[in-house]
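In: My questions are about this predicted structure, shown below with the sequence.
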Amino acid sequence: MYFAKKGIEEPAPIIENTVVYACEADSCNGWMREEFATVDRSCPLCNSGMKQEVRELPQIKVEYNAYS
């Protein structure tokens, strides 16, 4: 006999417009979401300035409860 688990479908990610900071240097592809950006708004990869833009990204769960 063969027993297999039924394929559990993962829910499709929710895509939303998200504010991000992207590196201004042409040679750098660095970017980060607004909620994770540093206070000085400098690129962590090349230390140049970053500009604000909007991208369509998957929604992430911000709250975390280790006991749930």
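Out: Perfect, thanks for sending it. All values reported here derive from a predicted model rather than from experimental measurement.
In: For L57, see how far away the nearest residue to P58 once chain neighbours are set aside is.
Out: The spatial neighbour of P58 that comes closest, neighbours along the chain excluded (C-beta to C-beta, 6 or more residues apart in numbering), is P13 at 4.0 Å. For the C-beta atoms, the positions are set from N, CA and C on the backbone; glycine is no exception. Between P13 and L57 the distance is 9 Å, computed by C-beta to C-beta, to the nearest Å.
In: The two: which has the busier surroundings?
Out: For P13 versus L57, the count of surrounding residues by other C-beta atoms under 10 Å is larger for L57: 16 against 10.
In: which parts of the host helix or strand of that one are buried?
Out: Taking DSSP states H and E as the criterion, L57 maps to strand 50-58. Within strand 50-58, the residues that count as buried by 16 or more other C-beta atoms under 10 Å are 50, 57.
In: averaged over its residues, what pLDDT does it have?
Out: What strand 50-58 shows for mean pLDDT is 95.
In: before we move on, the earlier item: Q59 is in contact with the residue nearest to P58, correct?
Out: Yes. The pair P13 / Q59 is scored as a contact, 6.9 Å apart, by C-beta atoms under 8 Å.
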